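Asker: Quick one: sequence and predicted model below, then my questions.
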Amino acid sequence: MAVRRLHPDQPSSFAFTPENVAWIQETVAKYPPGKQASAVIPVLWRAQEQHGGWLPEPAIRLVAELLDMAYIRVYEVATFYTMFQLAPVGSVAHIQVCGTTPCMLRGSLDLIEACKRRINPDPHHLSADGKFSWEEVECLGSCANAPMVQIWKDTYEDLTPELLERVIDTFAAGGTPKPGSQTGRTASCPAGAATSLKDPALYDGSSIGAWKRRFADLEAAASQLAGTAPADKPKG
Amino acid sequence: MPKKLIIDGVEIEVADGTTLLQACEMAGSEIPRFCYHERLSIAGNCRMCLVEVVGAPKPVASCAQTVNELRPNPDGSPNVVFTKSPTVKKARQGVMEFLLINHPLDCPICDQGGECDLQDQAVAFGVGGSRYHENKRAVEDKYIGPLIKTTMTRCIHCTRCVRYMTEVAGVEELGLAGRGEDAEITTYLEKGILSEMSANAVDLCPVGALTHRPWAHNARPWEMRKTETIDAMDAVGCNIRVDTRGREVMRILPRNNDSVNEEWISDKARHVVDGLKTQRLDQPYVRKDGRLVPATWDEALAVVADRLKNTARERIGALAGDLCGAEEMFALKDLLGGLGVVNMDCRAPHEALDPALSRASYIFNPTIEGIDEADAILLIGTNPRIEAPVLNARIRHRWRQGGLEVGVIGQAADLGYPYVHVGDGPDSIAQLIGKGAATAARPMIIVGQGAFAREDAAAVLASIAKAAQSLGVVKDGWNGLAILHTAAARVAGLDLGFVPGAGGKATAAIAAGGVDVIYNLGADEFDIAPGPFVIYQGTHGDRGAHRADVILPGAAYTEKSATYCNTEGRAQVSARAAFPPGEAKEDWTVLRALSARLGRPLAYDTLGDLRTQMYRAVPHLARVDAIQPGDGAQALSALAARGGSVTAAAFQAVIADFYLTNPVARASAVMAELSALRHAAGRNRVAAAAE
């Protein structure tokens, strides 16, 4: 069940930083007057980012007042999109584990078990030290690097439970792991040696990029016929 | 450009902008629906209204599809629509099956049973059985207000309640949070809805998710007798349907009347039902040695007749209250005329409306429907949200369509729509005189009791009339002077001329003790000074009864057939839904009996005879549901000609507590609870919400 409710423990107030206030004004200015409600999602997202990855209830009220909307309208938006975290998340990392088919086939269930073991048996709950939390999310579009997780704005891919534990260890120690494939490959290039595109002719300019040379040859042939040296041709 | 369609073989031409659902209904094809409602915006989320349009890739939601946006046929022939084809049947069965998947099997314990849209449409358009064997989801109940009982597991997410609260009631407090199976209707932080029209959402709910808490588990719809009648809780004259079981009034529901209340009634009109059963006067009382003791009709009438016969006519006065029907006021006036009494008044103390100044000087001339055409409204000395919530909803409805300016002279309260707070008192009216005509094509000035019932009211009205003349509020084809009454009885009383005769005393003087005997026909909103001998004819043991020396029990508004003129001057006739308790009698019969004791029997023995006489005196009362207009320009001149000087005192609210404005409401436990909750919430209606 994914009933979306506000967390029982809320801060007493919320205020945007001056930079965010300025950014909000710029964002609202993008929309015609009277339509500032269109900015509700970006502004809520900014509030969530400012508040360490989750959206407190005073922030929902403040956003409603800033955008001249009824509180309930902003509440509807905040509960509709699961990207808005309504409960506190880990102070160091909130791990979003992809559980869609390609990742699942490649072992995301084991990653979830690792999270349950390491962080908290339940998603959206803080670890004992309050530094970590996790949740299962839908496809994050990194299927060629399955299984993977997203932490804040970076993805950590090609995971195994051990590699995930190593990522968590790095965060716990105060460091930032290198995002991307955790097995060392570049993007989704083949692990180990390339298995395709191996022909050296692809890389010596004989086929790829050959069109440039063809045009230059055609031009040379044409100027020879015209009897003028290519260098004397007036630049067009 | 009108569009031709062929719906189920019936060729029909409809105007641009008509939705397919409306077109199908015009062609005689019934379309089931849950989320669509004529008075709300289109949601299109229930999918029950699907019809088959030839050429469309999938069934079309007819509530949201306008006919002019249908893809035209390549050969130009009219679009062909089917509402009874196998595709449509299958679509409806599918939608019904999905709706019933998570719907609990609550019919035996659900109050909506017997009048449930889901039940009716499942029988008509659904499948015979269920294929669902999994667990159903459950939803926690939310607190939406003291009047609305929520069983949110039954909710089918049609969002009618959300749209009603936002658009019609003007309180944007309900919303659909979450999504999919976990969607739930809720308020923000479950604060509860503070609106005078909140209970109409329960009528709109097609299932038993929202039910009426005061009547929970009381009765089934099929065991009640329905009577169509008129509400008397305010001066709007809302059309209601009173459901009774035996002698007992079980509930009051709204009736549709596009000209008056559309489909809404206020929470007070709806939930005073329990007030009709408590504190009732069911037998006559006579005060002996300072205490009221029960008496027979014989004794009581003998005492009254004796008093009246032995008092000089200049020392006799009569008052008519807010809930009287025209018939009893006519009978009382008749009786007083026989005695030569001229001290009589149906108005509130210091109310300066005068029937001698033409009817247009004391009715809502533009009519309630005229609000839909107004482009500027000036509210003077009135808070329509409390005094006439349904009328206020109409103003809000007009505001939502755009192009309406609203100004307020008086207290700045939260009305549900923005306005300009022009001023607080009569000074602001004076500033409008001589300013030139308003730019608005149809300006309206709504004058409330805060302006026409105060010591300088005649001068205030004169000032308003001059301002109205200056602004051009009355012009060809438009009379924008609107008097907003708070009492159901007032306009009929003024029409009947229940006002002081030549040299007679008005309400304030009578109540202050200016006479020795007062016949009080249900006036409970002000005190009568000690001294006079008071005969009280009414229904509840309220202020009037406590002051009285003789109590004659009468019938409440649901217990008699009576003519009421609403604030527009529209005569409407109520019907009797139940009988008054105990020894209480219909009011006009009491006066007829008294007249016999006085040796001057009134000339009618039946209600029909009374009405014949009444219509002779005031012909327009016979034209039921119609409005007899008055001469607007003449009314303005007459009002403007009255002298006096205004005081600078700001206009005060006339209603201190919306829920406790008459004896029936004050006897109701539900009203008492609502009033207490309102005070506890600290939501002061007078808090400024002006632009």
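Answerer: Received the coordinates, thanks. Numbering: from 1, shown residues only, chains lettered A, B, ... in the order given.
Asker: measure the most far-flung residue of chain B relative to its centre to chain A for me?
Answerer: Distance from the C-alpha centroid of chain B, by CA atoms, centre = their mean, peaks at B:D75 (52.4 Å). Distance of B:D75 to chain A, computed by CB to the nearest CB, to the nearest Å: 41 Å. Backbone N, C-alpha and C define where each C-beta goes, glycine included.
Asker: Retrieve the pLDDT associated with that residue.
Answerer: Per-residue pLDDT puts B:D75 at 93.
Asker: Do a quick rundown of the strands in the stretch 251-400 of chain B.
Answerer: B:285-288, B:291-294, B:316-320, B:343-345, B:376-380 (DSSP state E, counting those that start in this stretch).
Asker: Now for the nearest residue to B:G126 once chain neighbours are set aside: which residues touch it?
Answerer: Among residues not flanking B:G126 along the chain, B:M96 sits closest, at 3.7 Å (CB to CB, 6 or more residues apart in numbering or on different chains). Each residue near B:M96 by CB atoms under 8 Å, 6 or more residues apart in numbering or on different chains is listed here: B:48, B:121-122, B:125-127.
Asker: rerun at 6 Å
Answerer: By CB atoms under 6 Å, 6 or more residues apart in numbering or on different chains, B:M96 lies in contact with B:122, B:125-126.
Asker: In a markdown table: those residues, plus neighbour count.
Answerer: What follows is the contacts of B:M96, written out as a markdown table (neighbours: other CB atoms under 10 Å in any protein chain shown):
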| residue | neighbour count |
| --- | --- |
| B:A122 | 19 |
| B:F125 | 17 |
| B:G126 | 21 |
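Asker: Now tabulate these in a markdown table and tack on pLDDT.
Answerer: Formatted as a markdown table, the contacts of B:M96 follow (pLDDT from 0 to 100):
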| residue | pLDDT |
| --- | --- |
| B:A122 | 96 |
| B:F125 | 96 |
| B:G126 | 94 |
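Asker: Against which helices or strands is the one helix or strand in chain A whose mean pLDDT sits lowest packed?
Answerer: Here the helix or strand of chain A ranked lowest by mean pLDDT, DSSP states H and E is helix A:210-226, holding a mean of 90. Using 3 or more CB pairs under 6 Å, 6 or more residues apart in numbering or on different chains; DSSP states H and E as the contact test, no helix or strand touches helix A:210-226.
Asker: Select, out of the strands of the stretch 251-400 of chain B, the one closest to A:F80.
Answerer: Nearest to A:F80 among these is strand B:376-380 (37.3 Å), distances taken as CB to CB.
Asker: Run the chain-centre distance for that closest one.
Answerer: Computed by CA atoms, centre = their mean, to the nearest Å, the separation of strand B:376-380 from the middle of its chain amounts to 20 Å.
Asker: Describe which strands that strand pairs with in its sheet and in which direction.
Answerer: According to DSSP bridges, strand B:376-380 forms sheet pairs with strand B:405-409 (parallel), strand B:443-447 (parallel).
Asker: neighbouring contacts of the last one?
Answerer: Translated: strand B:443-447. Here strand B:443-447 makes contact (CB under 6 Å, 6+ apart) with B:366, B:374, B:376-380, B:382, B:464, B:468, B:471, B:473, B:480-484.
Asker: how about it as PDB, C-alpha atoms only?
Answerer: Extracted in PDB, the C-alpha atoms of strand B:443-447 (Å, rounded to 0.1, in the frame of the first residue of the first chain):
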ATOM      1  CA  PRO B 443     -25.500  47.600 -11.700                       C
ATOM      2  CA  MET B 444     -27.100  46.200  -8.700                       C
ATOM      3  CA  ILE B 445     -27.400  47.600  -5.200                       C
ATOM      4  CA  ILE B 446     -28.200  45.000  -2.500                       C
ATOM      5  CA  VAL B 447     -29.500  46.600   0.600                       C
END
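Asker: Which ones among the contacts of B:M96 map onto helices?
Answerer: Among those, the residues falling in helices (DSSP state H) are B:122, B:125.
Asker: Where do the helices of the stretch 351-500 of chain B begin and end?
Answerer: B:384-387, B:389-400, B:426-430, B:449-452, B:457-471, B:490-496 (DSSP state H, counting those that start in this stretch).
Asker: Also the stretch 501-650 of chain B?
Answerer: Secondary structure of the stretch 501-650 of chain B, counting by DSSP H, counting those that start in this stretch: helices at B:507-509, B:543-547, B:587-597, B:607-617, B:632-641.
Asker: Return the set of buried residues in stretch B:574-584.
Answerer: Within stretch B:574-584, the residues scored as buried using 16 or more other CB atoms under 10 Å in any protein chain shown are B:574, B:576-578, B:580-581, B:583-584.
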